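predicted coordinates and the sequence they were generated for:
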Amino acid sequence: MIDEPAKESLHRYLRSLREALVWKLDGLSEYDVRRPLTSTGTNLLGLVKHLSTWEARYFGEVFGRPYPEPLPRWDDPEASGTDMWATERETREEIVGRYRRVAEHSDATITTLTGDAPGHVPWWPRPEVTLTEVLVHMFAETSRHAGHADILREQLDGSTGTTAEHAAAEPGEEHRRARYAKVEEAARAVGAGGVRATGT
């Protein structure tokens, strides 16, 4: 079990990751937040929807504190994958609003319970867990998808960073093009057999 200061630190980083993820939607059209940007259909608004669904489960029913709004059952094959994209009837405001309400519910669970509070995750092979384990898992899950969002947003308009302030401090387009060219040149040199072993 981690101590209370470590739990608070993890919780603080989780809150920061949530905000970074939502910020990735700022300034984009309705089409761009929804459009599939990988062969499997990964998209920005779908990442927010996915995380809201699973965070609601992990900090809700797992600890006997069910999230008060309807959620698809985790074991419903008909619902599988539907949390990864937004239908034409779902608005950005609805999805982001739900994520914020889920965050409030999760924050109450994290704040109220101790790190060794027991929970039950029926979809895990070893379902008996503690709040610490679930907090670490949800931190890792949110980090992973925030990284996906970083790359998706950069594909759309070149925007990088975790906040508007960070984005404003990033190098300009000319610098990015020069760096891209340098990386491409190195990759082509290796692809052409230009690697030279270095040793000590």
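Received, thanks.

secondary structure element for residue 96?
helix 92-112 (DSSP states H and E).

without its sequence neighbours, what residue ends up closest to residue 128?
The shortest distance from residue 128 to any non-neighbouring residue, by Cβ to Cβ, 6 or more residues apart in numbering, is to residue 120 (6.3 Å). Where you see a C-beta, it was placed from the backbone N, CA and C, and this is true even at glycine.

run a quick neighbour tally on that neighbour.
A total of 12 residues lie near residue 120 under the criterion other Cβ atoms under 10 Å.

ditto for residue 81
Other residues within reach of residue 81, judged by other Cβ under 10 Å, total 12.

how about residue 38: what's its closest non-neighbour residue?
Nearest non-adjacent residue to residue 38, counting by Cβ to Cβ, 6+ apart: residue 152, 8.0 Å away.

touching, the one you found and residue 41? I think so.
No - taking contacts as Cβ atoms under 8 Å, residue 152 lies outside contact range of residue 41: 11.5 Å.

between these two, which is the more surrounded one?
More crowded of residue 152 and residue 41, by other Cβ under 10 Å: residue 152, with 21 against 12.

and the host helix or strand of the more buried one, what does it pack against?
Element membership of residue 152 [criterion: DSSP H and E] is helix 131-157. With contacts defined as 3 or more Cβ pairs under 8 Å, 6 or more residues apart in numbering; DSSP states H and E, the packing partners of helix 131-157 are helix 4-23, helix 44-58, helix 92-112.

go again with 6 Å.
helix 4-23, helix 44-58 (3 or more Cβ pairs under 6 Å, 6 or more residues apart in numbering; DSSP states H and E).

can you tell me which of the ones you listed is most buried?
Among the helices and strands packed on helix 131-157, ranked by average contacts under mean count of other Cβ atoms under 10 Å, first place goes to helix 44-58 (a mean of 23).

mind saving the C-alpha coords of that one as CSV?
Output of helix 44-58 as CSV, limited to C-alpha atoms (Å, rounded to 0.1, in the frame of the first residue of the first chain):
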residue,chain,number,x,y,z
LEU,A,44,-10.1,12.3,-30.0
LEU,A,45,-13.7,12.5,-28.7
GLY,A,46,-13.9,8.7,-28.5
LEU,A,47,-10.9,8.7,-26.2
VAL,A,48,-12.7,11.0,-23.8
LYS,A,49,-15.8,8.9,-24.0
HIS,A,50,-13.8,5.7,-23.4
LEU,A,51,-12.0,7.1,-20.3
SER,A,52,-15.2,8.5,-18.8
THR,A,53,-16.9,5.0,-19.1
TRP,A,54,-14.0,3.1,-17.6
GLU,A,55,-13.2,5.6,-14.9
ALA,A,56,-16.8,5.6,-13.8
ARG,A,57,-16.6,1.8,-13.5
TYR,A,58,-13.2,1.6,-11.7
